[in-house]
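Asker: sequence-free structure coming up:
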């Protein structure tokens, strides 16, 4: 080891420094071995639950049977894709629902989060801000199952609060759980209820970082509260809004299975609008065992999702070099 | 003129926030009220914001006949949350420390190794098949938390905390002859405790609320967590209510199904509601640090 120094370093370095270098190199190797050890559990988890499932995408070209497993099952060529295209209608419906719901969540969620942050930024009462912020943040901590259960008490046909209210107001009852399009609105509202307060914290933090001299100058110039909001606060938030939106685009094809399961209980009547890709895979593969077919959908989701991430990243890079993800 | 306009707008703002805050709380009042109502009056008159025929019957019923099942699910949730949080925090902080060591050559490689999994995934199906067929996680306790012990997002959050710790402290420890293990356990972890508390809370919440893993991996009733028990109650009642099983559902009114759901809801939210006032500020801090830069 000590003799390892290359000819050119030999000429320049004194023997003492050379041994010191070799020593420090060995020392760092020894130190690094601890680092590898520390990282090892994480690496194993990533390989087991992220990287190996990626390789599991070869299922698309396999005729899966449970006994031979992912890697032992016979090759099937492109027949799974034929399946995929033969039930194009369902696949497209799942894609449309996923993108539609995610786009709606993103639009409404951003709007409400930004609005709440701007309003909080205007308020002066410290205790009011603290209390309301805590309260609005609370639903974020509640699982979709619980939200689903509470929603049921609101929307149940006979016993739900909404229908009681409609009746007292003289309208007829609505069968919420069999109205796919009404349920889109309900999902969107539930999403706002759960996460607007959470999202607001991020934008509120950005607003807290704004130099107060902008506001002081505007006040001296006699700007009204509304003018200050539209001319200073909103423009200040736009970079964060754009960044968050771009980050969201990459996740457009990822659905929240637990949300749909928790809120709709996979009610078949609601599937026309709630059958997102993840639900579709769950229904066809895990419940019905049509693995080859579901794997084609999964591959499609992964590839399309990855392209979306690349596009979003490119857009983020155009907008602002620092916003680029990788 | 100017000031009245400003004042009006300000009052409007206060109202908006107040109303939204109330909306955030109202559903929970509905759940509490439902759980304290009598089943027959809920069946006849529907849910309300004020208990219909104030009673603890439902809780007595749950703790009487269903006590075993609920307690098992409850303790299962507690165990999963504790085991999950402890192992997740260990795995995550260790990995985060490694990529935050400035002198480590492979730190960028390891960072990307984790980051790539955020961009591309194999999807639900291969994950499910590998977990059940190859790792044999079906119906095991370990299966209820092990897939979630490394959240890449929280790992990067933690690495940010570690990077914010002044490098001089680490250097002086190194000069004193401390190895990475020692630096990690006796410097980084104590100094990074705000970050540590934040990610612990996020993990604990995730494990407590999760029902995806039991949904995918569990069929043994002994392994039901409280969320999954809740899901099963909801899904079954839903099926009873929806057409195809109505002939059975109509006759059974013996157990207080409706109020039981609400009572279960309250029991599931209770731990969060109790701890929330104390822990909430850590979450806020955590989000703010996490959102500042990637």
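Answerer: Noted; the coordinates are in hand. Predicted model, so just to flag it, every value in this text is computed and none were measured. Residues are numbered from 1 along each chain as shown, chains lettered A, B, ... in the order given.

Asker: give me the number of residues near whatever residue of the stretch 1-150 of chain B ends up closest to chain A?
Answerer: Going by C-beta to the nearest C-beta, chain A is nearest to residue B:126 of the stretch 1-150 of chain B, at 2.5 Å. Yep, even glycine has a C-beta here, placed from its N, CA and C like the rest. Residue B:126 has 25 neighbouring residues, counting by other C-beta atoms under 10 Å in any protein chain shown.

Asker: so what's it up against?
Answerer: A:52, A:53, A:54, A:55, A:56, A:57, A:59, A:70, A:295, A:298 (C-beta atoms under 8 Å, 6 or more residues apart in numbering or on different chains).

Asker: One more: residue B:146?
Answerer: Residue B:146 touches A:45, B:87, B:137, counting by C-beta under 8 Å, 6+ apart.

Asker: How much space separates the closest residue to chain B within the stretch 1-150 of chain A from residue B:128?
Answerer: Of all residues in the stretch 1-150 of chain A, residue A:56 sits closest to chain B, at 2.5 Å by C-beta to the nearest C-beta. Residue A:56 sits 9 Å away from residue B:128, taking C-beta to C-beta, to the nearest Å as the criterion.

Asker: The closest residue to residue A:311 other than its chain neighbours: how many residues sit nearby?
Answerer: Spatial nearest neighbour of residue A:311, excluding adjacent residues (C-beta to C-beta, 6 or more residues apart in numbering or on different chains): residue A:249 at 7.0 Å. Residue A:249: 18 surrounding residues under other C-beta under 10 Å.

Asker: right, is stretch A:74-90 up against chain B?
Answerer: No - under the criterion of C-beta under 8 Å from any C-beta of the partner chain, stretch A:74-90 makes no contact with chain B; the nearest approach is 11.6 Å.

Asker: what does that stretch contact?
Answerer: Stretch A:74-90 is contacted from outside by A:60-63, A:68, A:91, A:275, A:280, A:292-293, A:295-297, A:300, using C-beta under 8 Å, 6+ apart.

Asker: Stretch A:213-233 now?
Answerer: A:118, A:121, A:122, A:207, A:210, B:2, B:5, B:6, B:9, B:10.

Asker: Contacts only, for the second one.
Answerer: Translated: residue A:121. Applying C-beta under 8 Å, 6+ apart to residue A:121 gives the contacts A:204, A:207, A:208, A:233.

Asker: Go again with 10 Å.
Answerer: A:129, A:203-204, A:206-208, A:210, A:215, A:229, A:233, A:236-237, B:13 (C-beta atoms under 10 Å, 6 or more residues apart in numbering or on different chains).

Asker: Same list (these) but as TSV, adding pLDDT.
Answerer: Output for the contacts of residue A:121, formatted as TSV (pLDDT from 0 to 100):
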residue	pLDDT
A:129	91
A:203	90
A:204	90
A:206	87
A:207	88
A:208	85
A:210	82
A:215	86
A:229	89
A:233	90
A:236	87
A:237	89
B:13	93
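
Asker: Just the ones of those residues in helices?
Answerer: Under the assignment DSSP state H, the contacts of residue A:121 contribute A:129, A:203, A:204, A:206, A:207, A:208, A:215, A:236, A:237, B:13 to helices.

Asker: And the helix or strand hosting residue B:61, what's buried?
Answerer: If you go by DSSP states H and E, residue B:61 is part of helix B:57-64. The neighbour-count criterion (16 or more other C-beta atoms under 10 Å in any protein chain shown) identifies B:57, B:58, B:59, B:61, B:62 as the buried residues of helix B:57-64.

Asker: Could I get the buried residue list for stretch A:284-298?
Answerer: A:284, A:285, A:286, A:290, A:291, A:292, A:293, A:294, A:295, A:296, A:297, A:298.

Asker: what separates the second one from chain B, distance-wise?
Answerer: Spelled out, that is residue A:285. 5 Å (C-beta to the nearest C-beta, to the nearest Å).

Asker: Next up, the contacts around the closest residue to chain B within the stretch 201-326 of chain A.
Answerer: Closest approach of the stretch 201-326 of chain A to chain B (C-beta to the nearest C-beta) occurs at residue A:298, with a separation of 3.6 Å. Going by C-beta under 10 Å, 6+ apart, residue A:298 touches A:53, A:56-57, A:59-60, A:277-278, A:280-281, A:285, A:291, B:121-128.

Asker: Restricted to strands, list those residues.
Answerer: In this view, the contacts of residue A:298 have no member that belongs to strands under DSSP state E.

Asker: returning to what we had before: max pairwise distance over the contacts of stretch A:74-90: which two?
Answerer: A:68 and A:275 (30.1 Å; C-beta to C-beta).

Asker: now the buried residues of stretch A:284-298 in TSV, with pLDDT?
Answerer: TSV is the format used below for these (pLDDT from 0 to 100):
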residue	pLDDT
A:284	85
A:285	83
A:286	81
A:290	78
A:291	78
A:292	75
A:293	77
A:294	79
A:295	79
A:296	82
A:297	82
A:298	81
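
Asker: Spatially, which two of the residues you listed are the most separated?
Answerer: Pairwise distances among the buried residues of stretch A:284-298 were taken by C-beta to C-beta; the largest, 15.2 Å, belongs to A:286 and A:296.

Asker: Pull out the buried residues from the contacts of stretch A:213-233.
Answerer: Buried subset of the contacts of stretch A:213-233 (neighbour count, 16+ other C-beta under 10 Å): A:118, A:121, A:122, A:207, B:9.

Asker: Any stretches of the chain with poor pLDDT?
Answerer: I went with chain A, as the question did not name one. A:1-31, A:320-326 (pLDDT under 70).

Asker: oops, I was thinking of chain B
Answerer: B:1-3, B:237-256, B:287-294.
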